[in-house]
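**Student:** what's the 3D shape of this:
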Amino acid sequence: MSLYDAVAAGMWAYSRSAFRITVLGPERLRIAPGTLLVVTHRRETDVPVLCPPLYRRGELRRQRVAFAARDDLFLPGFFAGFPTGLPPRVRRALYGLGIERWLPRVEVFPIRSASAARLGEVLRDRPGEALDGVLGGRENAAFAARAAACGLEPPARAGDVLRGEYADLLWRPVGPEDGAAAGLDAFWARRAGQAAADFRRLVELVRGGRPLVLFPEGRPSPDGEIGPLQRGLGALVRRARPPALLPVALAYDPLRRGRTHVVLAFGAPVSPEDDVEDQALRLLRRTMPLTAGQLFAAKAPESAVRDALVEGRPVEPALVVPERRERRLAEARAAAGRRPDALPFLAREYESARA
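**Tutor:** I've put the predicted structure just below:
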């Protein structure tokens, strides 16, 4: 078994234990060489939920699909810096865990921004400088407070904070105008070159016939809105000339007993249009599955199910049969008391899909 196959198996085990998953769409996906698979970004768990059904239905043992990924996944200490809520001792243990050298072996490639980086990258570029000369007073105080809480010497130089206890602080995004990153012309020039190289690699993959998965929103939706899309999709399509866009959408529904339900829908491939950004957003909205949680949260009429079916939108199967729909909506109503925080997101998701 190759590493690519092993990772797919691991994602299957994780996603099936963490979620209840329903997949809608053709049992066999016919993915033409060079197709762009554009996917809604709902949660950080989207990739392990998506990959096993894509692997099986797309027969990826025979035709590998590449993935365009967030660039900080390739940085040392990702598992220590990115997650929220970890205690410093756990961050210290995870800081040395790096996966960047393995990612290309499973067809994962970065998309860097020319105008954004992580604070840790900037500090790594100037390790010998005095920390209070690089950071503002508020940030410097945060590092000093963390040092005190962990029983460490107060950091004096930028290089002193390049360790696991500070990983979450190092993960703050910065730009050229940020105080900590200002005046680093050589750093930002290299960054621009790296971003251009990342883009060229993706173009070459698609031109070479490799299907490519990307999340054009760039980050998980904070409020349920589908979109906006990040810049760059149009340029990628113009340069790479993919034969088709294949929309994929995930809808998480926590308003039920037990594990969160995920409905994953594969749309039909379509030829790219001139205004591909607008086209991709329309496709993602139209492919977003209708769930019981959305119906309840949006106070939508039950006729919304019929309307969705008439429009050709994916629908959670339990909503199609009236008796099962009544049970699912009753279940959503009961679960809403335990998960009131989920209601605004689900309601916005419903409205955004129809915008």
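
**Student:** Now do the strands in the protein.
**Tutor:** Assigned by DSSP state E, the chain shows strands spanning 19-24, 36-39, 66-70, 108-111, 117-118, 173-174, 212-214, 245-253, 260-266.

**Student:** how about the closest residue to residue 271 other than its chain neighbours, what does it touch?
**Tutor:** Across the structure, with C-beta to C-beta, 6 or more residues apart in numbering as the measure, the residue nearest residue 271 apart from its sequence neighbours is residue 244 (6.1 Å). For every residue, glycine as well, the C-beta is placed using N, CA and C. Contact partners of residue 244, counting by C-beta atoms under 8 Å, 6 or more residues apart in numbering, are 32, 35, 36, 269, 270, 271, 272.

**Student:** Using a markdown table, lay out the strands of the chain together with mean neighbour count and mean pLDDT.
**Tutor:** Listed next are those as a markdown table, based on neighbours: other C-beta atoms under 10 Å; pLDDT from 0 to 100:
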| stretch | mean neighbour count | mean pLDDT |
| --- | --- | --- |
| strand 19-24 | 18 | 98 |
| strand 36-39 | 26 | 98 |
| strand 66-70 | 20 | 94 |
| strand 108-111 | 20 | 95 |
| strand 117-118 | 24 | 94 |
| strand 173-174 | 16 | 92 |
| strand 212-214 | 22 | 97 |
| strand 245-253 | 24 | 98 |
| strand 260-266 | 24 | 98 |
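
**Student:** how many other residues sit next to the closest residue in space to residue 174 that isn't next to it in sequence?
**Tutor:** On the basis of C-beta to C-beta, 6+ apart, the spatially nearest residue to residue 174 that is not a chain neighbour turns out to be residue 181, at 4.4 Å. Residue crowding around residue 181 was assessed by other C-beta atoms under 10 Å; the count is 24.

**Student:** do the same with residue 219
**Tutor:** Count around residue 219 with other C-beta under 10 Å applied: 10.

**Student:** and the gap between it and residue 227?
**Tutor:** When C-beta to C-beta, to the nearest Å is applied, the distance between residue 219 and residue 227 equals 12 Å.

**Student:** With residue 267 instead?
**Tutor:** Distance, residue 267 to residue 227, using C-beta to C-beta: 16 Å.

**Student:** List the contacts of the residue of the chain positioned farthest from its centre.
**Tutor:** Centroid-distance maximum for the chain: residue 153 at 36.6 Å, with C-alpha atoms, centre = their mean. With contact set as C-beta under 8 Å, 6+ apart, residue 153 has these partners: 147, 160.

**Student:** pLDDT wise, what is it at?
**Tutor:** The score at residue 153 is 94. That number is its pLDDT.

**Student:** What does it show for phi and psi?
**Tutor:** Recorded main-chain torsions at residue 153 are phi -60, psi 140, according to degrees, to the nearest 10.

**Student:** separation between it and residue 324?
**Tutor:** Following C-beta to C-beta, the distance that separates residue 153 from residue 324 is 63 Å.

**Student:** Could you do residue 296 as well?
**Tutor:** Spatial separation of residue 296 from residue 324 under the definition C-beta to C-beta is 15 Å.

**Student:** Next: residue 9.
**Tutor:** Here the distance between residue 9 and residue 324 works out to 32 Å (C-beta to C-beta).

**Student:** Residue 238 too?
**Tutor:** Distance from residue 238 to residue 324, by C-beta to C-beta: 46 Å.

**Student:** Could you do residue 266 as well?
**Tutor:** Computed with C-beta to C-beta, the distance linking residue 266 and residue 324 is 23 Å.

**Student:** likewise residue 34?
**Tutor:** Using C-beta to C-beta, one gets 40 Å for the distance from residue 34 to residue 324.

**Student:** higher neighbour count, these two?
**Tutor:** The neighbour comparison of residue 34 against residue 324 (other C-beta under 10 Å) goes to residue 34, with 18 against 14.
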